[in-house]
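> Kindly return the folded structure for what I paste below:
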Amino acid sequence: MILLLAGSALLLPGILRKENTLIGDKPYYHLRLAQTDKDELSFSGRDNELSFGWNFILKYVSMNIALFVLGLIAIFLLYLNLKSLRLNHRFLSVAIFTLSPAFIYMFSIGERFGIAFVLSLVISYLVIKEKYKFLVLPFIVLLLFDISITIFALTCLGLYLLYFKKDKSIFYGIVTIIFLLLLIIGKWKFNLISDFGSNIGVSVFALVFVLFCFTVFWRKLLPMFGILFILILISLKFEFGIFYLSVFLSVLLSLCLANVYDAKWESELIRDFMILLVFCGLLFSGLSYTNRLSQEMPHQEIFDALESLPEGAVVFSDITYGHWITYSGKKNVWDTFTRISNFDEIEKELNSAIDSRDSFLTKQILDKYNVDYIFVDSALTEKWNGKGIIYLLEYDSGQFRRIYDRDGTIIWRHYK
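Residues are numbered from 1 along each chain as shown. Just a heads-up that it's a prediction; the model follows:
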(Lines give C-alpha, C1' and ligand atoms only; values in the text may rest on other atoms or scores of the structure.)
Protein backbone atom coordinates (compact mmCIF):
# COMPACT_ATOMS: atom_id res chain seq x y z
CA MET A 1 0.00 0.00 0.00
CA ILE A 2 2.81 2.41 0.93
CA LEU A 3 4.70 1.58 -2.27
CA LEU A 4 1.54 2.24 -4.26
CA LEU A 5 1.20 5.65 -2.59
CA ALA A 6 4.87 6.37 -3.27
CA GLY A 7 4.53 5.31 -6.91
CA SER A 8 1.54 7.62 -7.34
CA ALA A 9 3.44 10.54 -5.78
CA LEU A 10 6.39 9.90 -8.10
CA LEU A 11 4.28 9.69 -11.26
CA LEU A 12 2.02 12.65 -10.56
CA PRO A 13 4.46 15.48 -11.50
CA GLY A 14 4.99 13.90 -14.92
CA ILE A 15 1.26 13.36 -15.42
CA LEU A 16 0.49 16.99 -14.59
CA ARG A 17 3.38 18.36 -16.64
CA LYS A 18 2.42 19.65 -20.08
CA GLU A 19 6.02 19.70 -21.29
CA ASN A 20 8.07 16.67 -22.31
CA THR A 21 11.16 18.27 -20.82
CA LEU A 22 12.79 17.39 -17.51
CA ILE A 23 12.07 19.69 -14.59
CA GLY A 24 14.65 22.31 -13.61
CA ASP A 25 18.13 23.11 -14.87
CA LYS A 26 20.45 20.77 -12.95
CA PRO A 27 19.29 17.49 -14.57
CA TYR A 28 20.60 18.81 -17.89
CA TYR A 29 24.06 19.28 -16.41
CA HIS A 30 24.14 15.65 -15.28
CA LEU A 31 22.80 14.34 -18.59
CA ARG A 32 25.46 16.23 -20.53
CA LEU A 33 28.29 15.21 -18.22
CA ALA A 34 27.11 11.59 -18.50
CA GLN A 35 28.42 11.69 -22.07
CA THR A 36 31.80 13.36 -21.52
CA ASP A 37 34.70 13.40 -19.07
CA LYS A 38 35.51 17.07 -19.61
CA ASP A 39 33.09 19.96 -19.43
CA GLU A 40 34.19 22.29 -22.23
CA LEU A 41 30.97 24.28 -22.52
CA SER A 42 30.51 25.71 -19.01
CA PHE A 43 32.36 28.94 -18.34
CA SER A 44 34.48 27.41 -15.57
CA GLY A 45 35.36 24.31 -17.64
CA ARG A 46 34.80 21.78 -14.86
CA ASP A 47 36.04 18.22 -14.88
CA ASN A 48 33.44 15.48 -14.53
CA GLU A 49 33.91 15.27 -10.78
CA LEU A 50 30.74 16.78 -9.32
CA SER A 51 28.46 13.77 -8.65
CA PHE A 52 30.60 11.52 -10.81
CA GLY A 53 28.61 8.47 -9.67
CA TRP A 54 25.24 9.93 -10.72
CA ASN A 55 26.62 11.04 -14.08
CA PHE A 56 28.04 7.54 -14.64
CA ILE A 57 24.69 5.86 -13.92
CA LEU A 58 22.93 8.16 -16.37
CA LYS A 59 25.13 6.81 -19.15
CA TYR A 60 23.21 3.55 -18.99
CA VAL A 61 19.84 4.27 -17.33
CA SER A 62 17.05 6.68 -18.24
CA MET A 63 16.84 9.47 -15.67
CA ASN A 64 13.07 9.09 -15.20
CA ILE A 65 13.33 5.33 -14.65
CA ALA A 66 16.26 5.77 -12.26
CA LEU A 67 14.38 8.35 -10.18
CA PHE A 68 11.21 6.25 -10.00
CA VAL A 69 13.05 3.09 -8.90
CA LEU A 70 15.18 5.01 -6.40
CA GLY A 71 12.06 6.60 -4.91
CA LEU A 72 10.46 3.21 -4.28
CA ILE A 73 13.71 1.84 -2.82
CA ALA A 74 13.96 4.87 -0.52
CA ILE A 75 10.47 4.29 0.86
CA PHE A 76 11.17 0.59 1.43
CA LEU A 77 14.48 1.32 3.18
CA LEU A 78 12.90 4.02 5.32
CA TYR A 79 10.26 1.53 6.45
CA LEU A 80 13.04 -0.92 7.43
CA ASN A 81 14.92 1.80 9.28
CA LEU A 82 11.89 2.59 11.43
CA LYS A 83 11.60 -0.92 12.85
CA SER A 84 11.81 0.41 16.43
CA LEU A 85 8.43 2.10 15.98
CA ARG A 86 5.10 0.37 16.32
CA LEU A 87 3.71 -0.94 13.04
CA ASN A 88 1.01 1.72 12.73
CA HIS A 89 3.54 4.46 13.50
CA ARG A 90 5.91 3.09 10.84
CA PHE A 91 3.21 3.12 8.18
CA LEU A 92 2.06 6.60 9.18
CA SER A 93 5.60 8.03 9.24
CA VAL A 94 6.43 6.63 5.80
CA ALA A 95 3.08 7.77 4.37
CA ILE A 96 3.62 11.32 5.65
CA PHE A 97 7.12 11.40 4.18
CA THR A 98 5.78 10.14 0.84
CA LEU A 99 3.50 13.19 0.69
CA SER A 100 6.27 15.61 1.67
CA PRO A 101 7.65 18.17 -0.81
CA ALA A 102 11.18 16.92 -0.03
CA PHE A 103 10.39 13.38 -1.22
CA ILE A 104 8.63 14.66 -4.33
CA TYR A 105 11.57 16.95 -5.15
CA MET A 106 14.26 14.32 -4.59
CA PHE A 107 12.74 11.84 -7.00
CA SER A 108 11.22 14.22 -9.55
CA ILE A 109 14.26 16.45 -10.12
CA GLY A 110 17.19 14.59 -11.64
CA GLU A 111 19.69 15.74 -9.04
CA ARG A 112 22.27 13.61 -7.22
CA PHE A 113 20.46 13.92 -3.89
CA GLY A 114 18.04 11.04 -4.49
CA ILE A 115 20.62 8.29 -4.85
CA ALA A 116 22.79 9.80 -2.10
CA PHE A 117 19.76 9.75 0.20
CA VAL A 118 19.11 6.08 -0.63
CA LEU A 119 22.73 5.18 0.16
CA SER A 120 22.52 7.01 3.48
CA LEU A 121 19.45 4.90 4.33
CA VAL A 122 21.46 1.76 3.51
CA ILE A 123 24.17 2.96 5.91
CA SER A 124 21.58 3.72 8.58
CA TYR A 125 20.05 0.25 8.25
CA LEU A 126 23.47 -1.44 8.57
CA VAL A 127 24.16 0.60 11.71
CA ILE A 128 20.81 -0.39 13.23
CA LYS A 129 21.59 -4.04 12.46
CA GLU A 130 25.12 -3.49 13.89
CA LYS A 131 26.76 -4.68 10.67
CA TYR A 132 29.60 -2.21 11.05
CA LYS A 133 32.11 -4.17 8.97
CA PHE A 134 29.88 -3.69 5.91
CA LEU A 135 29.84 0.12 6.21
CA VAL A 136 33.06 0.83 4.31
CA LEU A 137 31.69 0.02 0.84
CA PRO A 138 28.48 2.14 1.03
CA PHE A 139 30.47 5.07 2.43
CA ILE A 140 32.94 4.85 -0.47
CA VAL A 141 30.10 4.66 -2.98
CA LEU A 142 28.28 7.55 -1.27
CA LEU A 143 31.41 9.67 -1.64
CA LEU A 144 31.06 9.35 -5.43
CA PHE A 145 27.62 10.96 -5.29
CA ASP A 146 27.76 13.72 -2.70
CA ILE A 147 30.56 14.81 -0.37
CA SER A 148 28.29 16.88 1.91
CA ILE A 149 25.92 13.99 2.61
CA THR A 150 28.92 11.70 3.17
CA ILE A 151 30.26 14.06 5.85
CA PHE A 152 26.77 14.31 7.36
CA ALA A 153 26.39 10.50 7.46
CA LEU A 154 29.86 10.07 9.02
CA THR A 155 29.04 12.70 11.66
CA CYS A 156 25.72 11.00 12.49
CA LEU A 157 27.49 7.62 12.75
CA GLY A 158 30.11 9.06 15.09
CA LEU A 159 27.47 10.66 17.31
CA TYR A 160 25.44 7.45 17.37
CA LEU A 161 28.45 5.40 18.48
CA LEU A 162 29.42 7.97 21.09
CA TYR A 163 25.91 8.06 22.54
CA PHE A 164 25.44 4.32 22.83
CA LYS A 165 29.01 3.07 23.23
CA LYS A 166 30.99 5.78 25.06
CA ASP A 167 30.70 8.44 27.75
CA LYS A 168 27.67 10.62 26.99
CA SER A 169 29.46 13.71 28.25
CA ILE A 170 31.71 13.51 25.14
CA PHE A 171 28.58 13.18 23.00
CA TYR A 172 26.99 16.32 24.42
CA GLY A 173 30.27 18.21 24.10
CA ILE A 174 30.55 17.38 20.39
CA VAL A 175 26.88 18.24 19.82
CA THR A 176 27.55 21.65 21.41
CA ILE A 177 30.54 22.19 19.11
CA ILE A 178 28.45 21.22 16.06
CA PHE A 179 25.72 23.61 17.19
CA LEU A 180 28.21 26.49 17.48
CA LEU A 181 29.74 25.65 14.09
CA LEU A 182 26.29 25.72 12.49
CA LEU A 183 25.81 29.24 13.84
CA ILE A 184 29.15 30.41 12.45
CA ILE A 185 29.84 28.68 9.11
CA GLY A 186 27.93 29.12 5.87
CA LYS A 187 25.17 31.52 4.88
CA TRP A 188 21.65 31.46 6.25
CA LYS A 189 19.01 30.49 3.71
CA PHE A 190 15.55 31.26 5.06
CA ASN A 191 13.62 29.37 2.40
CA LEU A 192 12.48 26.41 4.46
CA ILE A 193 8.73 26.40 3.81
CA SER A 194 7.54 24.91 0.51
CA ASP A 195 4.11 26.55 0.89
CA PHE A 196 5.85 29.96 0.82
CA GLY A 197 7.54 29.27 -2.52
CA SER A 198 10.72 27.43 -1.51
CA ASN A 199 12.07 25.05 -4.18
CA ILE A 200 12.88 22.49 -1.49
CA GLY A 201 11.09 22.77 1.82
CA VAL A 202 8.76 21.32 4.39
CA SER A 203 5.03 21.74 4.85
CA VAL A 204 3.93 24.69 6.95
CA PHE A 205 1.10 22.50 8.29
CA ALA A 206 3.65 19.98 9.53
CA LEU A 207 5.74 22.60 11.33
CA VAL A 208 2.77 24.36 12.91
CA PHE A 209 1.27 21.10 14.20
CA VAL A 210 4.62 19.93 15.58
CA LEU A 211 5.10 23.26 17.38
CA PHE A 212 1.61 22.90 18.82
CA CYS A 213 2.50 19.40 20.06
CA PHE A 214 5.67 20.76 21.63
CA THR A 215 3.63 23.06 23.86
CA VAL A 216 1.48 20.11 24.98
CA PHE A 217 3.74 17.03 24.96
CA TRP A 218 7.21 18.57 25.39
CA ARG A 219 8.04 16.42 28.40
CA LYS A 220 7.42 13.21 26.46
CA LEU A 221 9.14 14.28 23.26
CA LEU A 222 11.79 16.78 24.46
CA PRO A 223 14.86 14.87 23.10
CA MET A 224 13.21 14.56 19.70
CA PHE A 225 12.47 18.28 19.61
CA GLY A 226 16.15 18.90 20.36
CA ILE A 227 17.12 16.84 17.31
CA LEU A 228 14.47 18.69 15.28
CA PHE A 229 16.02 22.03 16.24
CA ILE A 230 19.49 20.89 15.10
CA LEU A 231 18.10 19.59 11.80
CA ILE A 232 16.33 22.91 11.19
CA LEU A 233 19.64 24.71 11.70
CA ILE A 234 21.35 22.34 9.25
CA SER A 235 18.55 22.88 6.72
CA LEU A 236 18.94 26.66 6.99
CA LYS A 237 22.59 26.31 6.00
CA PHE A 238 22.75 23.25 3.73
CA GLU A 239 20.27 22.28 1.04
CA PHE A 240 20.49 18.53 1.66
CA GLY A 241 19.47 18.99 5.31
CA ILE A 242 15.84 19.50 4.32
CA PHE A 243 15.57 15.87 3.17
CA TYR A 244 16.60 14.52 6.57
CA LEU A 245 14.55 17.16 8.36
CA SER A 246 11.52 15.93 6.40
CA VAL A 247 12.16 12.32 7.42
CA PHE A 248 12.49 13.25 11.07
CA LEU A 249 9.51 15.57 10.90
CA SER A 250 7.43 12.72 9.45
CA VAL A 251 8.35 10.45 12.36
CA LEU A 252 7.70 13.21 14.89
CA LEU A 253 4.35 13.95 13.26
CA SER A 254 3.25 10.32 13.56
CA LEU A 255 4.16 10.31 17.27
CA CYS A 256 2.42 13.66 17.82
CA LEU A 257 -0.72 12.39 16.11
CA ALA A 258 -0.66 9.28 18.30
CA ASN A 259 -0.33 11.41 21.43
CA VAL A 260 -3.15 13.69 20.30
CA TYR A 261 -5.36 10.70 19.63
CA ASP A 262 -4.59 9.08 23.00
CA ALA A 263 -4.98 12.29 25.02
CA LYS A 264 -8.09 12.93 27.09
CA TRP A 265 -10.46 15.17 25.16
CA GLU A 266 -13.75 16.58 26.31
CA SER A 267 -14.97 16.14 22.76
CA GLU A 268 -13.75 13.34 20.53
CA LEU A 269 -15.30 15.22 17.62
CA ILE A 270 -12.86 18.11 18.08
CA ARG A 271 -9.98 15.65 18.37
CA ASP A 272 -10.94 13.87 15.16
CA PHE A 273 -11.48 17.17 13.38
CA MET A 274 -8.00 18.36 14.37
CA ILE A 275 -6.39 15.14 13.11
CA LEU A 276 -8.37 15.34 9.87
CA LEU A 277 -7.30 18.97 9.47
CA VAL A 278 -3.63 17.99 9.80
CA PHE A 279 -3.97 15.20 7.24
CA CYS A 280 -5.77 17.51 4.81
CA GLY A 281 -3.08 20.15 5.30
CA LEU A 282 -0.27 17.68 4.61
CA LEU A 283 -2.08 16.36 1.54
CA PHE A 284 -2.73 19.90 0.29
CA SER A 285 0.94 20.86 0.73
CA GLY A 286 2.10 17.80 -1.20
CA LEU A 287 -0.39 18.25 -4.05
CA SER A 288 0.16 22.00 -4.24
CA TYR A 289 3.92 21.53 -4.39
CA THR A 290 3.58 18.78 -7.02
CA ASN A 291 1.43 21.01 -9.19
CA ARG A 292 3.89 23.90 -8.87
CA LEU A 293 6.81 21.61 -9.68
CA SER A 294 5.06 20.25 -12.78
CA GLN A 295 4.84 23.79 -14.18
CA GLU A 296 8.51 24.58 -13.71
CA MET A 297 10.74 25.41 -16.65
CA PRO A 298 12.23 24.61 -19.10
CA HIS A 299 9.82 24.81 -22.00
CA GLN A 300 10.58 23.01 -25.25
CA GLU A 301 10.72 26.39 -27.05
CA ILE A 302 14.01 27.12 -25.26
CA PHE A 303 15.76 24.13 -26.81
CA ASP A 304 14.14 24.70 -30.21
CA ALA A 305 15.54 28.23 -30.25
CA LEU A 306 19.01 27.23 -29.06
CA GLU A 307 19.17 24.52 -31.74
CA SER A 308 19.16 27.27 -34.36
CA LEU A 309 22.56 28.53 -33.18
CA PRO A 310 25.94 27.12 -34.29
CA GLU A 311 27.64 24.57 -32.03
CA GLY A 312 30.08 26.09 -29.54
CA ALA A 313 28.66 29.63 -29.81
CA VAL A 314 28.82 31.62 -26.57
CA VAL A 315 25.31 32.49 -25.36
CA PHE A 316 24.53 34.96 -22.61
CA SER A 317 21.31 34.68 -20.61
CA ASP A 318 20.15 34.44 -17.02
CA ILE A 319 22.30 32.29 -14.71
CA THR A 320 19.46 29.76 -14.37
CA TYR A 321 19.58 29.15 -18.13
CA GLY A 322 23.24 28.11 -18.12
CA HIS A 323 22.74 24.32 -18.06
CA TRP A 324 20.06 24.46 -20.78
CA ILE A 325 22.49 26.39 -22.98
CA THR A 326 25.31 23.87 -22.54
CA TYR A 327 22.94 20.90 -22.91
CA SER A 328 22.13 22.31 -26.36
CA GLY A 329 25.81 22.26 -27.30
CA LYS A 330 26.48 25.98 -26.78
CA LYS A 331 28.80 27.69 -24.29
CA ASN A 332 27.48 29.67 -21.33
CA VAL A 333 29.12 32.42 -19.29
CA TRP A 334 27.65 31.33 -15.93
CA ASP A 335 25.39 28.70 -14.43
CA THR A 336 24.14 27.51 -11.04
CA PHE A 337 27.14 25.17 -10.62
CA THR A 338 29.84 27.77 -11.37
CA ARG A 339 32.44 27.36 -8.63
CA ILE A 340 35.54 29.50 -9.10
CA SER A 341 37.38 31.73 -6.65
CA ASN A 342 36.42 35.07 -8.22
CA PHE A 343 32.85 34.19 -9.12
CA ASP A 344 31.42 36.94 -6.90
CA GLU A 345 33.21 39.51 -9.06
CA ILE A 346 32.08 37.81 -12.28
CA GLU A 347 28.48 37.63 -11.06
CA LYS A 348 28.53 41.31 -10.13
CA GLU A 349 29.97 42.20 -13.53
CA LEU A 350 27.43 40.16 -15.51
CA ASN A 351 24.56 41.53 -13.45
CA SER A 352 25.76 45.04 -14.23
CA ALA A 353 25.58 44.15 -17.93
CA ILE A 354 21.93 43.22 -17.39
CA ASP A 355 21.11 46.31 -15.33
CA SER A 356 22.99 49.06 -17.17
CA ARG A 357 21.74 51.19 -20.06
CA ASP A 358 25.29 52.28 -20.78
CA SER A 359 25.92 50.84 -24.24
CA PHE A 360 29.71 51.15 -23.93
CA LEU A 361 29.83 49.37 -20.53
CA THR A 362 27.53 46.56 -21.70
CA LYS A 363 29.55 46.01 -24.88
CA GLN A 364 32.78 45.99 -22.86
CA ILE A 365 31.49 43.25 -20.56
CA LEU A 366 29.97 41.14 -23.35
CA ASP A 367 33.19 41.41 -25.37
CA LYS A 368 35.21 40.36 -22.33
CA TYR A 369 33.26 37.08 -22.15
CA ASN A 370 33.25 36.59 -25.95
CA VAL A 371 29.45 36.61 -26.09
CA ASP A 372 28.07 35.78 -29.55
CA TYR A 373 24.35 35.69 -28.78
CA ILE A 374 21.92 36.87 -26.12
CA PHE A 375 18.94 34.65 -25.31
CA VAL A 376 15.72 36.12 -23.91
CA ASP A 377 12.33 34.41 -23.57
CA SER A 378 9.00 35.64 -22.20
CA ALA A 379 9.93 34.63 -18.64
CA LEU A 380 13.17 36.63 -18.80
CA THR A 381 11.44 39.58 -20.47
CA GLU A 382 9.19 39.70 -17.42
CA LYS A 383 12.06 39.15 -14.96
CA TRP A 384 14.28 41.76 -16.63
CA ASN A 385 11.47 44.27 -17.11
CA GLY A 386 12.98 47.70 -16.63
CA LYS A 387 16.54 46.39 -16.90
CA GLY A 388 18.97 48.21 -19.15
CA ILE A 389 19.78 45.25 -21.37
CA ILE A 390 16.16 44.96 -22.60
CA TYR A 391 16.29 48.61 -23.65
CA LEU A 392 19.65 48.22 -25.41
CA LEU A 393 18.60 45.06 -27.26
CA GLU A 394 15.59 46.88 -28.68
CA TYR A 395 17.21 50.20 -29.60
CA ASP A 396 20.96 49.68 -30.09
CA SER A 397 20.84 48.27 -33.62
CA GLY A 398 24.55 48.84 -34.11
CA GLN A 399 25.48 46.35 -31.41
CA PHE A 400 22.55 43.87 -31.48
CA ARG A 401 20.43 42.33 -34.21
CA ARG A 402 17.41 40.13 -33.72
CA ILE A 403 17.97 36.81 -35.53
CA TYR A 404 15.26 34.62 -33.92
CA ASP A 405 11.78 35.55 -32.73
CA ARG A 406 9.15 32.89 -32.07
CA ASP A 407 6.50 32.48 -29.34
CA GLY A 408 8.09 35.14 -27.14
CA THR A 409 11.58 33.62 -27.41
CA ILE A 410 14.11 35.99 -28.96
CA ILE A 411 17.81 35.57 -29.77
CA TRP A 412 19.97 38.60 -30.48
CA ARG A 413 23.27 38.52 -32.36
CA HIS A 414 25.95 40.49 -30.55
CA TYR A 415 28.51 42.18 -32.78
CA LYS A 416 31.92 42.29 -31.11
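> Would you mind listing the buried residues in stretch 279-295?
Judged by neighbour count using 16 or more other Cβ atoms under 10 Å, the buried positions of stretch 279-295 are 279, 281-282, 285-286, 289-290, 292-294. To be clear about C-beta, it is placed using only N, CA and C from the backbone, and glycine gets the same treatment.
> what mean pLDDT does it have?
Regarding stretch 279-295, the rounded mean pLDDT is 92.
> now the helix or strand where residue 242 lies, how far from the centre of its chain.
Using DSSP states H and E, residue 242 sits within helix 241-262. Distance of helix 241-262 from the chain centroid (Cα atoms, centre = their mean, to the nearest Å) equals 21 Å.
> Over to stretch 211-228?
On Cα atoms, centre = their mean, the centre of stretch 211-228 falls 27 Å from that of its chain.
> Give me the residues contacting it.
Stretch 211-228 has contacts (Cβ atoms under 8 Å, 6 or more residues apart in numbering) with 210, 245, 248-249, 252, 255-256, 259-260, 263.
> Would you convert those into a markdown table that also reports neighbour count, pLDDT and distance to residue 23?
Converted to a markdown table, the contacts of stretch 211-228 look like this (neighbours: other Cβ atoms under 10 Å; pLDDT from 0 to 100; distance: Cβ to Cβ, whole Å):
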| residue | neighbour count | pLDDT | distance to residue 23 |
| --- | --- | --- | --- |
| 210 | 20 | 87 | 29 |
| 245 | 26 | 96 | 22 |
| 248 | 17 | 95 | 26 |
| 249 | 26 | 94 | 24 |
| 252 | 22 | 93 | 29 |
| 255 | 20 | 89 | 33 |
| 256 | 24 | 89 | 32 |
| 259 | 14 | 84 | 37 |
| 260 | 19 | 86 | 36 |
| 263 | 10 | 82 | 41 |
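> Which members of the residues you listed are the farthest-apart pair?
Farthest pair in those (Cβ to Cβ) is 245 and 263. Separation: 25.7 Å.
> measure residue 251 to residue 29 for me?
33 Å (Cβ to Cβ, to the nearest Å).
> of the two, who's got more company?
Taking other Cβ atoms under 10 Å, residue 251 and residue 29 do not tie; residue 29 has more neighbours (26 against 23).
> Now do the contacts for the more buried one.
Going by Cβ under 8 Å, 6+ apart, the list of residues near residue 29 reads 323, 326-327, 335, 337.
> let's go with 7 Å and repeat that
323, 337 (Cβ atoms under 7 Å, 6 or more residues apart in numbering).
> Would you mind identifying the next helix or strand past the helix or strand encompassing it?
Under the criterion of DSSP H and E, residue 29 resides in helix 26-33. Once the chain leaves helix 26-33, the next helix or strand it forms, by DSSP H and E, is helix 52-57.
> list the buried ones in that next one?
52-55, 57.
> Adding distance to residue 67 and pLDDT, write the residues you listed out as JSON lines.
As requested, the buried residues of helix 52-57 are arranged in JSON lines below (distance: Cβ to Cβ, whole Å; pLDDT from 0 to 100):
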{"residue": "52", "distance to residue 67": "18", "pLDDT": "85"}
{"residue": "53", "distance to residue 67": "15", "pLDDT": "90"}
{"residue": "54", "distance to residue 67": "11", "pLDDT": "94"}
{"residue": "55", "distance to residue 67": "15", "pLDDT": "91"}
{"residue": "57", "distance to residue 67": "11", "pLDDT": "94"}
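> and which of these is nearest residue 132?
Set against residue 132, the nearest of the buried residues of helix 52-57 by Cβ to Cβ is residue 53 (22.9 Å).
> Find me whatever residue is spatially closest to that closest one, sequence neighbours aside.
Among residues not flanking residue 53 along the chain, residue 144 sits closest, at 3.4 Å (Cβ to Cβ, 6 or more residues apart in numbering).
> Isn't the one you found up against residue 54?
No - if you go by Cβ atoms under 7 Å, residue 144 and residue 54 don't touch, sitting 8.2 Å apart.
> where along the stretch 1-150 of the chain do the helices fall?
Along the stretch 1-150 of the chain, counting by DSSP state H, counting those that start in this stretch, helices occupy 2-16, 26-33, 52-57, 63-81, 87-98, 101-106, 113-128, 136-143, 147-165.
> quick revisit: just give me how far the helix holding residue 29 sits from the chain centre.
The chain centre lies 14 Å from the centre of helix 26-33; the measure is Cα atoms, centre = their mean.
> Fine by me, thanks again.
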